[in-house]
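> Quick one, fold the following:
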Amino acid sequence: GSSCEKCDFETDLCKALHELNLQPGWIRRNGRSGMGPPYSDHSGNNSAYFLSLSSEMRSSSATLRTNVFLPTDKEHVCQITFHYWISQMSGTLMVGLQKHSEGTITNIWQVSGELQNQWKASTITINSTEKYEV
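Just a heads-up that it's a prediction; the model follows:
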């Protein structure tokens with residue numbers, strides 16, 4: 001069976017992510033917020049919410065961490081699909097994997113230096129024999 005969980009930020013942060021107040025720099029907003037593009041979410045809805053970096057964060061980085069996921073195997077594959085928008089040439093969006101026995105975060109996906117000003121989607125598949133966070 002599929003255990004897909006959709007995360008749309010409409011009411012709050014979805015269950016997969018830690019509470020926002022632990023993540024300085026991220027704000028939940030929609031296209032009507034008056035903060036500039038994007039003016040709608042990836043489906044073109046201007047009242048739908050998404051997460052955005054606040055303008056004070058231009059020169060530094062901000063992290064979003066998931067809750068703990070259980071190990072993957074042949075029956076339990078983890079695939080995460082996310083929509084992203086990059087509006088700064090200098091920005092880099094990275095996805096990291098932290099296994100529970102390791103202190104380090106391994107970079108498993110990234111995009112940077114493309115001034116796209118459009119929503120794009122990416123799907124990553126994660127394999128881990130132990131509990132992990134993304």
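> Where do the domain boundaries of the protein fall?
7-62, 68-133 (the TED database).
> tell me how far the ends of the last one are from each other?
The first residue of domain 68-133 is 5 Å away from its last residue (C-alpha to C-alpha, to the nearest Å).
> who's in contact with T123?
Contacts for T123 (C-beta atoms under 8 Å, 6 or more residues apart in numbering) come out as Q79, I80, T81. From N, CA and C alone the C-beta is placed, and that goes for glycine too.
> could the domains of the chain go into a markdown table alongside mean pLDDT?
Compiled in a markdown table, the domains of the chain are given as follows (pLDDT from 0 to 100):
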| stretch | mean pLDDT |
| --- | --- |
| domain 7-62 | 84 |
| domain 68-133 | 89 |
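> what's around L97, how many residues?
Using other C-beta atoms under 10 Å, L97 is surrounded by 20 other residues.
> which SSE is it in?
strand 92-99 (DSSP states H and E).
> Quick check: neighbours of that strand in the sheet, parallel or antiparallel?
strand 106-112 (antiparallel), strand 132-133 (antiparallel) (DSSP bridges).
> could I get the first one in CSV with only the CA atoms?
It stands for strand 106-112. Extracted in CSV, the C-alpha atoms of strand 106-112 (Å, rounded to 0.1, in the frame of the first residue of the first chain):
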residue,chain,number,x,y,z
THR,A,106,25.3,13.7,3.2
ASN,A,107,24.3,15.9,0.3
ILE,A,108,22.1,13.8,-2.0
TRP,A,109,20.6,16.4,-4.4
GLN,A,110,21.2,20.1,-5.2
VAL,A,111,20.4,22.8,-7.7
SER,A,112,22.0,26.2,-7.9
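> Distance from it to the middle of the chain?
Chain-centre distance of strand 106-112: 12 Å, with C-alpha atoms, centre = their mean, to the nearest Å.
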